[in-house]
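Participant: below is the sequence, then the predicted model.
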Amino acid sequence: MRFLPISPDDAVCTQTLGKLCSDLGPQCVDEFIAQFKSLLPRRITRLNQAHSLHDGAAGQDAALSLKSAATMAGAHGLAWLAFLLHDAFRDDQREVQGELIGRIERAGGTILAVLGAPGFAEHALRAYLGSANA
Amino acid sequence: MLTERRIAVVVEDDADIRGLLEVVLQQSGFDVHSTDSGVAGVELVESHHPDLVTLDIGLPDIDGFETARRIRSVSDAHILMLTARSDEIDTVLGLESGADEYVTKPFRPRELRARVDAIMRRRTGLSGPAHGAAPAENRPAAQAQDEAATDEAHLRGFNGLVMNVATYSVHVDGEAKVVTPTEFTLLESLLGAKGHIRTKTDLVRRLRNEDSDAGTYVSASDERSVEVHVGNLRRKLGDSAQEPRWIETVRGVGYRAVARR
């Protein structure tokens, strides 16, 4: 199985994050992004542990946790990788698990850089409102 | 006009998702108490008597199913189970352990808020002295019977079953039965239909506080949830699907109250 890398432009969907800002307010979304960023390394550690311990149930739980949070953060490419990884843990595809975790680590680095830009939530909200009013 | 504050408990081990849930519920007018553990969640329910509990399935200590069972033994709060899994087996297990309904993660805050508002409208419609408190079974039977007798307009009953829509209590042959608000709503809807069939779609919409002809989408999973709730209700009342005393299955369609004996 081959996977294309996630480019910085596609790493985070500003429309998704902008809609979240519109629903909950930018301050709340800033806090969500900060928590998502701080949890990402721990989530990847859980995936690696599940892979090395051959623990399919723990791997599925960790993959679903990442998928849910990534989707809400607008990181749809990362969420897709987590979805594939969930299935790989479920189907005990060890080789695919390893490759996907590597992809997730690299995509995570890109996403952290994009989300780390100052005022990203405000930027996403403006983009969302701009497209909604267009 | 003063609006009564409502209380919610959030049990979710992913801190980022938990933060979003807290904000959604606070914006819906709840005071929110949250935790990442099932055991601590049960303690929060016991100490704060919430109207609503959101419960993740995958928790680090006891899982969401066991947490729901423990919460249900001490509270009639509406339990909204959140899961990233969409397997039917999880849905059935959750409902059987006492959850009232399911929300899949990721969720849309606006939709979750609308759903919570509908739940609270429904619970307000059920409000009475026992609502929000410990299950009716925990009150002295004589007291519950006295309350039930105070206003006959609120009584619905037949074949040995008496439900009081004012005190939100159910008695079978004089014995108090513990039912959740969701089960109470289903029972009230079936008894109120005076022998007419309630389709599963009707009952789903009743649980959403919608008109039966609202035309809103009802999924197979929603209908399955009604089946599980009716199964739980029968078990609690001591009813049987094969020889029903109160709730008769109309195969492939829905349910109706059986004829008076």
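Facilitator: Everything's here; your move.
Participant: next to chain A, which bits of chain B? Give me the list.
Facilitator: Selection of chain B residues close to chain A by CB under 8 Å from any CB of the partner chain yields B:14-17, B:19-20, B:23-24, B:27, B:58, B:84-85, B:105-110. All C-beta spots, glycine's among them, are computed from the backbone N, C-alpha and C.
Participant: pLDDT at the most centrally placed residue in chain A, what is it?
Facilitator: Centroid-nearest residue in chain A: A:Ala70, 3.1 Å away (criterion: CA atoms, centre = their mean). We have a pLDDT of 95 for A:Ala70.
Participant: B:Glu188 against B:His154, yeah?
Facilitator: No: between B:Glu188 and B:His154 there is no contact under CB atoms under 8 Å: 10.8 Å.
Participant: okay, and the common contacts of the two?
Facilitator: B:Val165 (CB atoms under 8 Å, 6 or more residues apart in numbering or on different chains).
Participant: pLDDT on the longest helix seen in chain A, on average?
Facilitator: Across chain A, the longest stretch assigned as helix under DSSP state H is helix A:26-52. Over the span of helix A:26-52, the pLDDT mean works out to 94.
Participant: and it, what does it pack onto?
Facilitator: helix A:14-24, helix A:56-72, helix A:94-115, helix A:120-133, helix B:15-27 (3 or more CB pairs under 8 Å, 6 or more residues apart in numbering or on different chains; DSSP states H and E).
Participant: which stretch in those helices has the least confidence?
Facilitator: helix A:120-133 (a mean of 81).
Participant: which secondary structure elements does that one contact?
Facilitator: helix A:14-24, helix A:26-52.
Participant: show me what counts as buried in the longest one.
Facilitator: So the one you mean is helix A:26-52. By 16 or more other CB atoms under 10 Å in any protein chain shown, the buried positions in helix A:26-52 come out as A:26, A:28-29, A:31-33, A:35-37, A:39-40, A:43-44, A:46-48, A:50-51.
Participant: and the angle from it to helix A:56-72?
Facilitator: Interaxial angle of helix A:26-52 relative to helix A:56-72 (axes from the mean of the first three to the mean of the last three CA atoms, to 10 degrees): 160 degrees.
Participant: so the residue nearest to the centre of chain A sits against A:His76, correct?
Facilitator: Yes: counting by CB under 8 Å, A:His76 is a contact partner of A:Ala70 at 7.5 Å.
Participant: how many other residues sit next to the closest residue to A:Met72 other than its chain neighbours?
Facilitator: Distance criterion CB to CB, 6 or more residues apart in numbering or on different chains; nearest residue to A:Met72, sequence neighbours excluded, is B:Pro106 at 4.7 Å. Using other CB atoms under 10 Å in any protein chain shown, the number of residues around B:Pro106 comes to 18.
Participant: what sits against B:Pro106?
Facilitator: A:Lys67, A:Ser68, A:Ala69, A:Thr71, A:Met72, B:Ala84.
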